[in-house]
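**Student:** Okay, here's the prediction I keep looking at, along with the sequence it came from:
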Amino acid sequence: MQPPEPFSILFAALILSAMIAAGPANGQKVPTGAQAGEPEIALRGQREARDIRFGDWEKVCFKPGGAKMVCRTTISGSFNTGQTAVRVYLTEREDNSGARLQLFLPVGLYLPAGATLTVDQGTTYRLPFTWCLTNTCIAGDLADLNLLHDMDSGKKLLLQVVDTNLLSVRTLLPLDQFATVRRGAPARVFEQDIDE
């Protein structure tokens, strides 16, 4: 057996030292997932998202076979070009086991900032972006019961996001029909019978 070449030993030592240097410093806290609090960014200003036309709130339910019904209360807003600017989904199960709030927004946003919702200048709620497709990004989480209560009794929902220029972009969504539609009968029910 031949002794290792000096170049091989030097190369291995360099790789090992690079791996050690790339690790966290002794005593340094390593993040373990999503961190609480607001993202640390300095906004450069704000602007209104203009020319968004919102439709009416609508409730659509799905009943798969013998399972409990799932209902979605939704509103969409579009630009003058017809492109969807924002879509809000509140998804609730028939057994009231919790609700999920999702916002579908166009790409080109600063994702770490998430989206914020404020009803009638009250408490601000933050929704993190969960994933993006080629034509939309989705912010969503379990719906806070206080937010749902505020939306039921509120008039306007302020939606704010941050674009890639670090400008806060905001728009107002109407809430005047929200509680009536959410608590009322669905506009459509899609049933699926499953034969086994």
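**Tutor:** Happy to help now that I have it.
**Student:** show me where this protein has helices.
**Tutor:** For the chain, the helices defined by DSSP state H occupy 6-22, 145-153, 178-183.
**Student:** Show me what the residue nearest to the spatial centre of the chain is bridged to.
**Tutor:** Residue closest to the average C-alpha location in the chain (C-alpha atoms, centre = their mean): residue 139, at 0.7 Å. Taking DSSP bridges as the rule, residue 139 bridges to residue 103, residue 129.
**Student:** Could I get the pLDDT score of it?
**Tutor:** In this model, residue 139 is scored at 95, pLDDT.
**Student:** Surely it is in contact with residue 113?
**Tutor:** No. Between residue 139 and residue 113 there is no contact under C-beta atoms under 8 Å: 10.0 Å. For glycine as for every other residue, the C-beta is placed from the backbone atoms N, C-alpha and C.
**Student:** on that earlier part again, list the residues that contact the residue nearest to the centre of the chain.
**Tutor:** 102-103, 105, 114-115, 127-130 (C-beta atoms under 8 Å, 6 or more residues apart in numbering).
**Student:** Narrow these to just the buried residues.
**Tutor:** For the contacts of residue 139, a burial check counting by 16 or more other C-beta atoms under 10 Å picks out 102-103, 105, 114-115, 127, 129.
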